[in-house]
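**Q** Here is my input; please provide its structure:
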Amino acid sequence: MDADVLVVGAGPAGLAVAACLRRRGVDVLVVDQGSAVGDSWRARYDRLHLHTPRVQSALPGLPIPRRFGQWVAKDDVAAYLRLYADHHGIAPRFGVQVRRLERDGDDWKAETDGAPLQSRQVVLASGYNREPVLPSWPGLDTFPGIVLHASAYSSPAPFRGKDVLVVGAGNTGAEIAADLAEAGAGSVRLAVRTPPNVIPRQVGPIPTTLLGITLDFSPAWLTDPLNGLLQRRVVGDLTQYGLPAASRGVVAQMRATGVTPTIDVGLVRELRAGRVTPVAALTRFDDGAAVLADGTRLTPDVVLAATGYSPALVPIVGHLGVLDARGRPVHHGRRTAPSAPGLRFVGLSNPLKGLLLQIRLDARAAASAIVAEVRRGA
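**A** Numbers count the residues shown, from 1 in each chain. Reported below is the predicted structural model:
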């Protein structure tokens, strides 16, 4: 037995669970395929800051330092995670990629590229945004320009003077489009497949995500009219700048499609200034041109795909009956699936209240449940 509990992933979720377990005296092993705490945050684009305020984003047992400001920059998130691991005495084992989890009697066996790992319990905390998803657009091989996933974007400097088509109007696509426009890209078009609900980052001094903590539990019929009023008053009507209106309100859209609202950190200003132009969804490439859903043909220098990520859980646990049709966990935090006792997921949802706050709640709940099971020999 390598540990009572194996935690897969040394990001915020894995560290939070490990900290909660260590404080309760549980033997825990954290493994990660990377090379250091905070690696994935340091690799993100330069402009990125948390969309939830510092007080809403701390992990259990250690506040985020005030010196990092209200909206914590991505490098400061990485620094905080290093502080957090040191504070709680967590020393992850890096360079370990878990390929598959299997039941082994009453315990678990994790298959890796090296020796398998044995544990009584497993927490999968490998990250909601683990693997970039790049669509297989028909005719892509005919396009002479550059096609990049947003995960490869770091700053607008290489794109100054370029004609860029950003695909995807979620938080990443909207922020990158604004970043490019502000820094002097030749032109920036934003291809929209699912029209987003755009909301302000804060209303006066109050962060919007603090106001929205209850949205995960509220009925859409009650909250979406209020959300709509806030959007109209603060953001305004963006259809006049070419951005299609969302077909559902914030809560209804999230529950139906999993699409969270787009928090404005510059897009609205660039739309109003005409420096970002919304266009129809990209459907294919043909003879070197990008063809949109309305038949428009564009010849951008760069196509930057902000088309999301996958948690890549199917190869690891797809055979255990714990994932839904989209490959996401059916249960989170405290609960386990009947088909997989002792297996839990933390940090693999995308709630309206903010992922880091959800991690804080789920890590504590998972640790409490695990402690109870370990102590009774489950």
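**Q** mind listing the helices for this protein?
**A** For the chain, the helices defined by DSSP state H cover 12-23, 39-42, 54-57, 74-87, 171-182, 208-211, 220-230, 250-257, 267-272, 314-317, 355-375.
**Q** Next, count neighbours for Pro99.
**A** In this structure residue 99 is Arg, not Pro. 11 (other CB atoms under 10 Å). (Each C-beta comes from the backbone N, C-alpha and C, glycine too.)
**Q** before we move on, back to that, can you add mean pLDDT and mean neighbour count and give the helices of the chain back as TSV?
**A** Formatted as TSV, the helices of the chain follow (pLDDT from 0 to 100; neighbours: other CB atoms under 10 Å):
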stretch	mean pLDDT	mean neighbour count
helix 12-23	97	27
helix 39-42	93	18
helix 54-57	95	18
helix 74-87	98	18
helix 171-182	97	24
helix 208-211	86	19
helix 220-230	90	15
helix 250-257	89	18
helix 267-272	97	20
helix 314-317	95	16
helix 355-375	93	21
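**Q** can you put these in CSV and add distance to Val192?
**A** Compiled in CSV, the helices of the chain are given as follows (distance: least, CB to CB, whole Å):
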stretch, distance to Val192
helix 12-23, 30
helix 39-42, 27
helix 54-57, 29
helix 74-87, 25
helix 171-182, 9
helix 208-211, 21
helix 220-230, 19
helix 250-257, 14
helix 267-272, 11
helix 314-317, 28
helix 355-375, 24
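**Q** any idea how this protein splits into domains?
**A** 3-130+311-375, 132-305 (automatic domain parsing).
**Q** hmm, back to that, so which of the helices of the chain is nearest Glu102?
**A** helix 314-317 (9.6 Å; CB to CB).
**Q** now for the closest one, which elements pack on it?
**A** strand 98-104 (3 or more CB pairs under 8 Å, 6 or more residues apart in numbering; DSSP states H and E).
**Q** from memory Val123 sits against Val7, does it?
**A** Yes. Between Val123 and Val7 there is a contact under CB atoms under 8 Å: 4.7 Å.
**Q** quick one: contacts for Arg23?
**A** When contacts are counted by CB atoms under 8 Å, 6 or more residues apart in numbering, Arg23 touches 61, 88.
**Q** Renumber starting at 49 from here on
**A** Sounds good: first residue 49 from here, last item Arg71.
**Q** residues near the residue nearest to Lys401 when sequence neighbours are not counted, how many?
**A** Nearest non-adjacent residue to Lys401, counting by CB to CB, 6 or more residues apart in numbering: Ile261, 4.8 Å away. Ile261: 16 surrounding residues under other CB under 10 Å.
**Q** Also Arg114?
**A** 9.
**Q** Okay, it and Asp124: tell me how far apart.
**A** Separation of Arg114 from Asp124 (CB to CB, to the nearest Å): 11 Å.
**Q** And Arg148, by the same measure?
**A** 35 Å.
**Q** and if you look at Ala64?
**A** Taking CB to CB, one finds Ala64 at 17 Å from Asp124.
**Q** Also Asp161?
**A** Distance from Asp161 to Asp124, by CB to CB: 32 Å.
**Q** do the same with Ala329
**A** Taking CB to CB, one finds Ala329 at 35 Å from Asp124.
**Q** re the thing from before, hey, what's in contact with both of Val171 and Val55?
**A** Residues touching both Val171 and Val55 by CB under 8 Å, 6+ apart: 62, 65.
**Q** now the strands for the stretch 299-426 of the chain?
**A** Using DSSP state E, counting those that start in this stretch, the strands found in the stretch 299-426 of the chain span residues 310-312, 324-328, 330-334, 337-340, 345-346, 350-353, 357-358, 391-393.
**Q** among these, which gets the worst mean confidence?
**A** Per-stretch mean pLDDT for these is lowest at strand 357-358 (a mean of 90).
**Q** what helices or strands is that strand leaning on?
**A** Checked by 3+ CB pairs under 8 Å, 6+ apart, strand 357-358 has strand 179-180 packed alongside it.
**Q** Parallel or antiparallel, which strands does the strand it packs on pair with?
**A** Here strand 179-180 is paired, per DSSP bridges, with strand 357-358 (antiparallel).
**Q** How many residues are close by the nearest residue to His99 once chain neighbours are set aside?
**A** Leaving out its chain neighbours, the residue that sits closest to His99 by CB to CB, 6+ apart is Ile311, at 4.8 Å. If you count neighbours by other CB under 10 Å, Ile311 ends up with 22.
**Q** Likewise for Asp342?
**A** 9.
**Q** looking at it, it is touching Ala328, isn't it?
**A** Yes. Counting by CB under 8 Å, Ala328 is a contact partner of Asp342 at 4.2 Å.
**Q** what's the overlap in contacts for these two?
**A** Common contact partners of Asp342 and Ala328 (CB under 8 Å, 6+ apart): none.
**Q** how about Pro108, what does it touch?
**A** 64, 67-68, 408, 411-412.
**Q** no wait, Ser174
**A** Counting by CB under 8 Å, 6+ apart, Ser174 has contacts 56-57, 59, 62, 146, 359-361, 364, 396.
**Q** Can you go through those residues and name the buried ones?
**A** Neighbour-count burial (16 or more other CB atoms under 10 Å) applied to the contacts of Ser174 gives 56-57, 59, 62, 146, 359, 361, 364, 396.
**Q** Could you work out the most separated pair of the residues you listed?
**A** Gly59 and Ile364 (15.7 Å).
**Q** Strands of the stretch 99-248 of the chain, start to end?
**A** 141-142, 146-152, 155-160, 165-172, 179-180, 194-197, 211-215, 235-240, 246-248.
**Q** Any chance of the ones you listed in CSV with distance to Gly297 and mean pLDDT as columns?
**A** CSV is the format used below for these (distance: least, CB to CB, whole Å; pLDDT from 0 to 100):
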stretch, distance to Gly297, mean pLDDT
strand 141-142, 43, 97
strand 146-152, 38, 95
strand 155-160, 41, 96
strand 165-172, 32, 96
strand 179-180, 29, 92
strand 194-197, 30, 97
strand 211-215, 24, 98
strand 235-240, 17, 98
strand 246-248, 11, 94
